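> What would the 3D arrangement of this be:
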Amino acid sequence: MDHSNAHLMEFSTDVITTKIISSKFTHREKEHSIGKSENGMHQKEQHEQAAYYKELGEVIINYQDVLLFGPTNAKIELLNVLKADRHFETKDSDKMTQNMQHAFVKDYFLQRPRD
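Numbering: from 1, shown residues only. Have a look, this model is predicted:
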């Protein structure tokens, strides 16, 4: 995940299904907002980022185990928003292709000890 897109991968046996959730605050939106005022742009960005994290939280709260990973600090920001809810874990990673992401998720959950 990063500040723009989150690839939600559901891992069950050998199949991984992926759903993408995107932030509504796009580069085009940023350019439009900054033209009005920088302060307004930052407020809009914060509002859209909070909505993006809320949407992600509503989806992932239904899972027993969740691994947050990605090249930016968006995973830590999301974790801070969700801390009070359940057990979440973050892992640093580089930018990856979808196949690399699937392998990363498989490796994580297959090597993880079960409760």
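
> from here on, contacts and neighbour counts on C-alpha atoms
Will do.

> tell me the SS of residue 21?
strand (DSSP: H, G, I helix; E, B strand; the rest coil).

> Ok, residue 11 next?
Residue 11 - assigned by three-state DSSP - is strand.

> Before we move on, what's the pLDDT of it?
Per-residue confidence at residue 11 stands at 83 (pLDDT).

> which residue packs closest to residue 9, ignoring adjacent ones?
residue 18 (4.4 Å; C-alpha to C-alpha, 6 or more residues apart in numbering).

> is it fair to say the one you found lies in a strand?
Yes: assessed by three-state DSSP, residue 18 belongs to a strand.

> Report how many residues lie close to it.
14 (other C-alpha atoms under 10 Å).

> isn't it right up against residue 6?
No: Residue 18 lies out of contact with residue 6 (C-alpha atoms under 8 Å); the separation is 9.7 Å.

> ok, longest helix in this structure?
Counting by DSSP state H, the longest helix found in the chain is helix 38-60.
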